[in-house]
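Student: this one's structure only:
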């Protein structure tokens with residue numbers, strides 16, 4: 001049975017029987033009419049839009065069929081799967097139309113449902129449907145309901161005559177148009193008023209935010225400046241006090257004088273430790289404590305702590321046990337901060353334990369592709385901490401018992417700093433403790449395992465051996481720029497003790513003048529001085545060296561500033577290294593041992609910055 005010929009595509013037609021229907025692409029020269037009975041032989045394939053089609057190799061007319069009337073269906077009915085293959089008439093409003101290379105589509109809306117009607121046409125032939133059915137028009141279409149994806153029908157028109165324009169798109173009359181314009185203008189005015197109000201509110205809020213940000217930045221700068229000045233103003237006199245103590249201890253003294261000076265030195269060291277704790281906590285809270293990621297041996301870090309605190313524990317009659325399991329020989333992380341955490345825990349253990357033992361343990365908790373999780377524990381048999389007060393010990397300036405600070409001393413910052421450092425390493429610091437039964441502090445940190453040569457396990461030299469091993473240079477001509485009278489005297493004594501010759505100036509202008517008029521092997525430059533400071537003087541020297549093609553003279557910063565960025569600021573100014581106050585005679589010797597003897601000959605090639613060495617002395 002032949003419901004209709006698809007006249008827009010040559011030799012294309014549609015056949016149907018009692019079981020359904022299918023589109024046919026016949027061979028050239030077909031001669032038949034609408035409602036002829038035909039017998040078709042061919043193969044089935046699918047078009048680009050997944051529509052099945054029969055590729056006919058032969059078509060034979062076998063008779064005729066009674067005339068068929070299309071079924072009148074609504075859009076909703078046309079979409080039902082049971083109506084697939086029907087010749088149907090559907091009416092609705094054109095919601096959308098589109099033109100393709102071989103097909104035109106109409107989207108006909110009825111109620112809340114949309115039906116896609118389409119017509120196929122030869123390649124490069126002109127489109128007909130959109131012109132006959134503009135958007136908004138009410139149309140009637142006749143065609144075959146074709147199943148598509150999901151078995152929802154689409155309507156295939158047989159020819160352009162199967163599309164009837166019932167009513168063109170509705171035109172708006174003048175009254176409706178004026179009403180619509182008035183409504184649109186009202187909405188626009190309301191929107192503009194709302195936008196204006198919103199923009200004014202945003203401007204006001206932005207101005208308030210800027211004021212608050214400015215105040216916050218100013219407060220942060222003020223705090224940073226205060227801490228930097230605090231560090232400088234406290235470290236400078238401490239440097240003088242410690243240095244003078246060291247000079248006195250190196251002279252002929254009675255036993256009582258040595259004892260009294262040693263007590264004074266211990267008190268000064270405690271004061272410096274408190275200052276360092278306050279500065280560290282301030283850096284952490286300001287987000288300025290950035291952890292390094294450098295290769296180090298974790299076992300060596302633990303061993304260095306054991307060597308320092310084992311003698312102190314032995315002096316109190318305590319048993320000191322260390323159990324260090326097999327750890328990765330080299331990991332990436334911040335060895336200095338890890339050492340600081342372990343030192344703090346061991347210091348507390350020795351301080352708060354009168355009898356019994358202290359045990360240090362380190363082991364690999366887990367290991368995977370991302371590295372190793374290393375756990376550490378410091379356990380003692382000391383005074384212990386009540387459960388209700390264990391959380392308070394990790395707070396700043398807090399201890400489990402207020403009398404503890406009077407009995408044992410301490411600022412109450414050590415554990416707060418340790419907890420924050422452990423957090424930065426991706427772990428947490430825990431305590432297990434009972435009063436009178438001692439305490440166990442545990443934490444774990446994740447480290448990347450470094451592939452490469454293993455770190456040496458050789459023990460660190462003692463201070464005496466370290467001093468003998470230093471390659472102390474021949475007497476040097478050294479320019480010292482230092483404005484503090486006590487520190488001037490101290491540096492002079494330190495240098496003269498090792499046979500060096502010193503020229504002393506008190507500000508940057510004098511340093512620049514002395515450099516221009518004399519020949520020196522080295523400059524020790526204080527950073528903070530009246531008038532031209534050390535950074536400005538260094539920059540001026542480097543500029544004159546470059547202009548005159550002079551050999552780069554080593555300049556070492558003498559600074560009491562220890563905040564983040566102070567070392568980098570010195571290097572950017574042209575200095576080669578930093579010696580942070582307070583420093584000892586041995587610190588100065590190690591620094592001078594790294595400075596090569598410089599002749600006064602010209603050298604157009606500047607020296608590379610001096611390398612920092614990490615000497616861990618027990």
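Tutor: Happy to help now that I have it. The structure displayed is predicted, hence computed values, not measured ones. Numbers count the residues shown, from 1 in each chain.
Student: in stretch 530-546, which residues are buried?
Tutor: 532, 533, 534, 535, 536, 537, 538, 539, 540, 541, 542, 545 (16 or more other Cβ atoms under 10 Å). Bear in mind the C-beta positions are built from the backbone N, C-alpha and C, glycine included.
Student: check those and tell me the two furthest apart.
Tutor: The span of the buried residues of stretch 530-546, defined through Cβ to Cβ, is set by 533 and 545 at 18.8 Å.
Student: so where do the strands sit in the stretch 351-500 of the chain?
Tutor: 357-368, 371-380, 430-434, 438-449, 477-481 (DSSP state E, counting those that start in this stretch).
Student: just the helices in the stretch 401-550 of the chain please.
Tutor: In the stretch 401-550 of the chain, the segments counted as helices under DSSP state H, counting those that start in this stretch are 402-408, 414-424, 463-469, 485-497, 508-517, 534-548.
Student: can you tell me the centre-most residue of the protein?
Tutor: Central residue of the chain (Cα atoms, centre = their mean): residue 290, 12.2 Å from the mean position.
Student: from residue 156, how far out is that one?
Tutor: Per Cβ to Cβ, to the nearest Å, residue 290 is found 70 Å from residue 156.
Student: and if you look at residue 25?
Tutor: Distance from residue 25 to residue 156, by Cβ to Cβ: 13 Å.
Student: which one's more surrounded, the two?
Tutor: Here residue 25 and residue 156 are set side by side on neighbour count (other Cβ atoms under 10 Å), and the busier one is residue 156, at 22 against 17.
Student: who does that one bridge with?
Tutor: With DSSP bridges as the criterion, residue 156 is bridged to residue 118, residue 144.
Student: buried stuff in stretch 314-323?
Tutor: 318, 320, 322.
Student: got the angle for the longest helix that the chain contains vs helix 485-497?
Tutor: Criterion DSSP state H: the longest helix present in the chain is helix 174-249. Counting by axes from the mean of the first three to the mean of the last three Cα atoms, to 10 degrees, helix 174-249 lies at 60 degrees to helix 485-497.
Student: and helix 174-249, what does it pack against?
Tutor: Under the contact definition 3 or more Cβ pairs under 8 Å, 6 or more residues apart in numbering; DSSP states H and E, helix 174-249 sits against helix 255-285, helix 485-497.
Student: quick one: least confident helix or strand in the protein?
Tutor: Least confident element among the helices and strands of the chain, by mean pLDDT, DSSP states H and E: helix 463-469 (a mean of 34).
Student: for the residue of the chain most remote from its centre, which non-adjacent residue is spatially closest?
Tutor: Taking Cα atoms, centre = their mean, the residue of the chain most remote from its mean C-alpha position is residue 63, at 80.6 Å. Spatial nearest neighbour of residue 63, excluding adjacent residues (Cβ to Cβ, 6 or more residues apart in numbering): residue 37 at 4.1 Å.
Student: host element of the one you found?
Tutor: Per DSSP states H and E, residue 37 falls inside strand 36-46.
Student: so how many other residues sit close to residue 132?
Tutor: So residue 132, with other Cβ under 10 Å, has 18 neighbours.
Student: I'd guessed it sits against residue 160; true?
Tutor: Yes. The criterion here is Cβ atoms under 8 Å, and residue 132 meets it with residue 160 at 6.9 Å.
Student: low pLDDT regions in the stretch 501-618 of the chain?
Tutor: Residue ranges of the stretch 501-618 of the chain with pLDDT under 70: 561-565, 596-618.
Student: now stretch 428-436: buried residues?
Tutor: 429, 431, 433.
Student: beta partners for the second one?
Tutor: When you say that, I think you mean residue 431. With DSSP bridges as the criterion, residue 431 is bridged to residue 441.
Student: in contact with it, which residues?
Tutor: Residue 431 sits next to 385, 390, 393, 439, 440, 441, 442 when contact means Cβ atoms under 8 Å, 6 or more residues apart in numbering.
Student: how near is it to residue 380?
Tutor: Using Cβ to Cβ, residue 431 is found at 11 Å from residue 380.
Student: shared neighbours of the two, which are they?
Tutor: With Cβ under 8 Å, 6+ apart, residue 431 and residue 380 have common neighbours 439, 440.
Student: what are the ranges of the strands in the stretch 501-618 of the chain?
Tutor: 501-505, 522-526, 555-559, 577-580.
Student: show me what the last one packs onto, helices and strands only.
Tutor: Using 3+ Cβ pairs under 8 Å, 6+ apart as the contact definition, the elements that strand 577-580 packs against are strand 555-559, helix 566-573, helix 585-593.
Student: ok so, going back, closest to residue 336 out of the strands of the stretch 501-618 of the chain?
Tutor: strand 577-580 (13.6 Å).
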